[in-house]
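Engineer: need a 3D model of the sequence below.
(one chain, ligands or ions: 1)
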Amino acid sequence: MISEIRPRRLVCLTGFMGSGKSTAGGFVARQLGWPHIDLDKRITEAAGLSIPEIFARMGEPEFRRMEREQLERVVGEHLESQKPRIVSLGGGTISQPQNLALLRENGAALIWLHCPVEQLLLRCAIVTERPLFRDEASFRRLYEERLPAYESSDYRVDSHAEPARVVEQILALGIFPRVIA
Ligand code: S3P
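Structural biologist: Okay, here's the model as predicted:
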């Protein structure tokens, strides 16, 4: 984990399914007055389909292609406008090495919302919109597989907490420049 503190204008939240990336991203962006981008939402808007529909009709490889395309757009828009952004990534976004490379090359800060797998299982079991949540064994396996990618993040916060506490931890990282969005 890199502990160097420097202001960042493209800040991405990563973490496994159920770690609270969309919720925390929305709150942090509101506090800062920055735009919030939810990558899954971008994908569903572009496709005109829900995430489960994309997986069911086109398969995961096509979902990953769309995810990559939308991530490129988000990074491109940021570079063009030079405006700061909070981006909530999907749970699998940075486990695709080319996505991680794209974010790194463009100076994005990656914040890992860390949560024990038991808690993630509880959270995801009550929501039916995650095609990659099939059963407990495969969920745990995928979590283990992805840990190295999450661990490569610049910062880690504990997301096994109330959303307000997660937001507090993110804001306390001290990486947000005082800019007007
Ligand atoms: C995925 C996580 C989902 C969504 C898609 C694939 C993954 O996002 O991008 O279902 O590969 O873990 P959340 O992490 O927001 O659930």
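Engineer: contact partners for the closest residue to residue 62 other than its chain neighbours?
Structural biologist: With Cβ to Cβ, 6 or more residues apart in numbering as the measure, residue 54 is the residue that lies nearest to residue 62, at 7.0 Å, once sequence neighbours are left out. C-betas here are computed from N, CA, C, even on glycine. With contact taken as Cβ atoms under 8 Å, 6 or more residues apart in numbering, residue 54 is in contact with 43-44, 47, 62-63, 66.
Engineer: sec struct for residue 17, please.
Structural biologist: When classified by DSSP: H, G, I helix; E, B strand; the rest coil, residue 17 comes out as coil.
Engineer: look up how far the ligand lies from it.
Structural biologist: 4 Å (Cβ to the nearest ligand atom, to the nearest Å).
Engineer: after the least confident helix or strand in the chain by mean pLDDT, next one along is what?
Structural biologist: Ranked by mean pLDDT, DSSP states H and E, the weakest helix or strand in the chain is helix 117-125, scoring a mean of 93. Using DSSP states H and E, the helix or strand that follows helix 117-125 in sequence is helix 136-151.
Engineer: need the contact partners of that following helix.
Structural biologist: 1, 14-17, 91-92, 94-95, 100, 112, 114, 117, 120-121, 124, 132-133.
Engineer: so for it, what's the average pLDDT?
Structural biologist: Mean pLDDT, computed over helix 136-151, is 96.
Engineer: show me what contacts the residue sitting furthest away from the middle of the chain?
Structural biologist: Computed with Cα atoms, centre = their mean, the residue of the chain farthest from its C-alpha average is residue 57, at 23.8 Å. Contacts for residue 57 (Cβ under 8 Å, 6+ apart) come out as residue 49.
Engineer: perfect, that will be all.
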